[in-house]
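[1] below are the sequence and a predicted model for it; my questions follow.
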Amino acid sequence: MTQATKTQKTILSIDHVTVHFGGLVAISDMTFDVKEGELVSLIGPNGAGKTTAFNVVTGFLRPTQGEVHFRGVSLHKLKPHEVAGVGLVRTFQRTSLFTTNTVFENVLTGLHRHGRATAWSTLLSLPSMRREEAKLSEAVWEILDFIGISHRANELGGSLPYGEQRLLGVAVALAANPTMLLLDEPAAGMNPSETGDFMELLAKIRRRNISILLVEHDMRLVMGVSDRIVVLNYGKIIAYGAPAEIQANPEVIRAYLGHGVKHA
Amino acid sequence: MKNLGTIFLLLALLTLPLWVPDQYYLHIVITTGIFIIGAMSLNLLLGYTGQLSLGHIAFFGIGAYTSALTSLGFDIPVFWGDGRIIHEAWHPLIGILLGTFVAGVCGYVVGKLSFKIRGAYFVIVTISFAEVVRLVALNWVDLTQGPMALSNIPPIGYNLPGLGEMVFWAKAPNYYLVLALALIAYVLIRRIVRSRMGRAMIALRENESLATSVGIDVTRYLVFAAVVSAALAGAAGSLYAHYIRIIDPDIFHFIYTVTMVIMVVTGGKGTLAGPIVGGVIFGALPVGLRAVAAPEVQWIVYGIAIILIVFFLPRGIVPTVSDYWHRKTGSAPRHTRAMPLASSKQSPEQAT
């Protein structure tokens, strides 16, 4: 399961990132990295700073101190929409969809980066624009098949069952053609069988050479898919290593995992 | 079925002056048509991109004044010295182009602003923008004649070798001009909203963070929507100036923005037909009422109509009717796959 070796390249590196909201310290001196092809999980109690970390990495929030590098490039000057442009795409903790659009249209919107249509080719309805639309439609079906929600294509995003809404969120993120995905509690609200399916989906995504940073509370999922785990508590990293080490770490058990829970 | 209806509608519109010979009603059709273009342009910014811009009449009026002043010429003292700025009168068609362009530039400014100032403050800024423009038009008497109004604005005309010369004094040619602009506006807006750009705009309306996370540049699409919206309103305003041939600062009054918002919201914001339906209703309603009721009663009925529509059909007339129609007829799914190439006939059936 573990693929991380010392010879692998780092795709995402977070260096001494600190985030203050006025007097409140949300994240303090966070340093870790994700190697190419890895799946790293970020776990910790609610309020530990996991979503804040995501916001910093994807440019929604400026860190008070510290730097984030993606494939060697500093992300600090980039606007949030440019972060997707370099291949880093995130999902959101609360279900985030285009609720008045159909599932098909949701993914089609996610394919925005693939399109090249300009204002003029749109207003004049040039053949190049229409060819591009046809290609994008094919790409939508491909993604819907990959995720497994093609049967819902014509339904409104907001009308899907909760678990499938989370899947749609992942589909939209995949549409943006990421080299790395940041998944914020994608399995929230999924029952055990759906979670099992989701673990397989994660494996499929990894086979496409997409690195993943995952925030999750479901320990069976986390222990089952992670190469390494970062444990956050009150904005600080308290442990960082392979799943077996983390499970045995007394401080982690005290702060978060608790006793008497059997893990995979 | 749909195409037959469209053809019939187009034929009716093209022959309208023949079956509406009464000049008063034709006048109503023309002014309503101009306001419908304004409503369609507002719909692009309000309905599709979700930006509550309540200064829309400013673009309309700026287009009107720019076009009128271009085709009348002006002679004003320079602020700083003894000189004067003199502009010779140009052809009205150039006036319309300039009116559209200047309105578009103002739209650009509004678009750029909207990125910095969001929410309620943006709404306040847009209302203030329209009011400031009104005050400028009212007080810069040297240029705009202020409350004394710009009059004798030349009507549109053309002078082409081969086609001869014609000046649009009569109502019928003006009607066709408005119809032409309305059709152009409709086609342009339709092309935008059914494209990648339209999807980006709708995404911004629906869920801005999600849109950003997949790489949609908020400023760029807000600005684009604002520019197109303002330019179309400016074009409509320019036509208005050359048709009515007299404009004064009252054209910037907030009530006209409100009228366009009502047309968009009751018709159905975010739909193509919405502003047209809303425009027809609220353009025809005052006229119909004028014939049968006293002025006070007219306004009461007008207000009741708005309340009833918003109360019972909150999404607007067009979406409600459209949903009802689709449920009754069980229409085909909107998105279907392309036929696989394995079959002998290659017919990609796609409706997106």
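    Sure thing, it's come through.
[2] apart from its neighbours in sequence, what residue is nearest B:Ser322?
    Nearest residue to B:Ser322, sequence neighbours excluded (Cβ to Cβ, 6 or more residues apart in numbering or on different chains): B:Thr271, at 7.6 Å. C-betas here are computed from N, CA, C, even on glycine.
[3] distance of that neighbour relative to chain A?
    12 Å (Cβ to the nearest Cβ, to the nearest Å).
[4] list phi and psi for that residue.
    phi -120, psi 160 (degrees, to the nearest 10).
[5] isn't B:Gly283 up against B:Ile37?
    No. B:Gly283 is beyond contact range of B:Ile37, at 11.6 Å (criterion: Cβ atoms under 8 Å).
[6] the more surrounded of those two?
    Neighbour totals were compared for B:Gly283 and B:Ile37, and B:Ile37 leads with 28 against 20 (other Cβ atoms under 10 Å in any protein chain shown).
[7] tell me the contacts of the more buried one?
    For B:Ile37, the contacting residues are B:Val178, B:Leu181, B:Ala182, B:Ala185, B:Leu232, B:Ala233, B:Ala235, B:Ala236, B:Leu239, by Cβ atoms under 8 Å, 6 or more residues apart in numbering or on different chains.
[8] scan the residues you listed and report the most crowded one.
    B:Ala233 (35 neighbours).
[9] would you state the helices of the stretch 251-352 of chain B in chain order?
    B:254-267, B:274-292, B:295-312, B:317-329 (DSSP state H, counting those that start in this stretch).
[10] of those, which stretch is the most buried?
    Mean neighbour count (mean count of other Cβ atoms under 10 Å in any protein chain shown) peaks for helix B:254-267 among the helices of the stretch 251-352 of chain B, with a mean of 21.
[11] residue in the stretch 1-150 of chain A nearest to chain B?
    Nearest residue of the stretch 1-150 of chain A to chain B (Cβ to the nearest Cβ) works out as A:Ala84 at 3.5 Å.
[12] surely that residue is in contact with B:Asp217?
    No. Using Cβ under 8 Å, A:Ala84 is not in contact with B:Asp217, being 10.0 Å away.
[13] who's more crowded, these two?
    A:Ala84 (27 against 21).
[14] so how far is the helix or strand where that one lies from its chain's centroid?
    Assigned by DSSP states H and E, A:Ala84 falls within helix A:80-85. Offset of helix A:80-85 from its chain centre (Cα atoms, centre = their mean, to the nearest Å): 14 Å.
[15] just checking, what packs against that helix?
    helix B:208-213 (3 or more Cβ pairs under 8 Å, 6 or more residues apart in numbering or on different chains; DSSP states H and E).
[16] now the helix it packs on: buried residues?
    Under the neighbour-count criterion of 16 or more other Cβ atoms under 10 Å in any protein chain shown, helix B:208-213 has B:Leu210, B:Ala211, B:Thr212, B:Ser213 buried.
[17] what's the nearest residue to the last one if we skip its chain neighbours?
    If I follow you right, that is B:Ser213. Per Cβ to Cβ, 6+ apart, closest to B:Ser213 is A:Arg90, 5.3 Å.
[18] show me where the stretch 101-250 of chain A has helices.
    A:103-110, A:119-123, A:127-147, A:162-175, A:192-207, A:219-225, A:243-248, A:250-252.
[19] mind telling me which of these the model trusts least?
    Of all these, the minimum mean pLDDT falls on helix A:119-123 (a mean of 79).
[20] with adjacent residues omitted, what lies nearest to A:Thr52?
    With Cβ to Cβ, 6+ apart, the residue lying closest to A:Thr52 is A:Ala26, at 4.7 Å.
[21] shouldn't the one you found be within a strand?
    Yes. Counting by DSSP: H, G, I helix; E, B strand; the rest coil, one finds A:Ala26 located in a strand.
[22] ok, now which ones touch it?
    So, once contact is read as Cβ under 8 Å, 6+ apart, A:Ala26 ends up touching A:Val19, A:His20, A:Gly49, A:Thr52, A:Gly235.
[23] pLDDT wise, what is B:Glu165 at?
    Value listed for B:Glu165 in the pLDDT field: 80.
[24] quick one: neighbours of it, just the number.
    For B:Glu165, the neighbour count with other Cβ under 10 Å is 9.
[25] bridged to it, which residues?
    B:Asn159 (DSSP bridges).
[26] residues from chain B in reach of chain A?
    B:188, B:191-192, B:195-197, B:199-200, B:202-203, B:206-207, B:209-218, B:224, B:333-335, B:337-338, B:348, B:350, B:352 (Cβ under 8 Å from any Cβ of the partner chain).
[27] buried ones among these?
    For the residues of chain B next to chain A, buried by 16+ other Cβ under 10 Å: B:188, B:191-192, B:195-197, B:199-200, B:202-203, B:206-207, B:210-218, B:224, B:335, B:337, B:352.
[28] ok, back up a step: are any of the contacts of A:Ala26 buried, and if so which?
    Buried among the contacts of A:Ala26 (16+ other Cβ under 10 Å): A:Val19, A:Gly49, A:Thr52, A:Gly235.
[29] can you report phi and psi for the first one?
    A:Val19 has phi and psi values of phi -130, psi 120 when expressed as degrees, to the nearest 10.
[30] and the stretch 151-264 of chain A, which of its residues are near chain B?
    A:Ala153, A:Asn154, A:Val172, A:Ala173, A:Ala175, A:Ala176.
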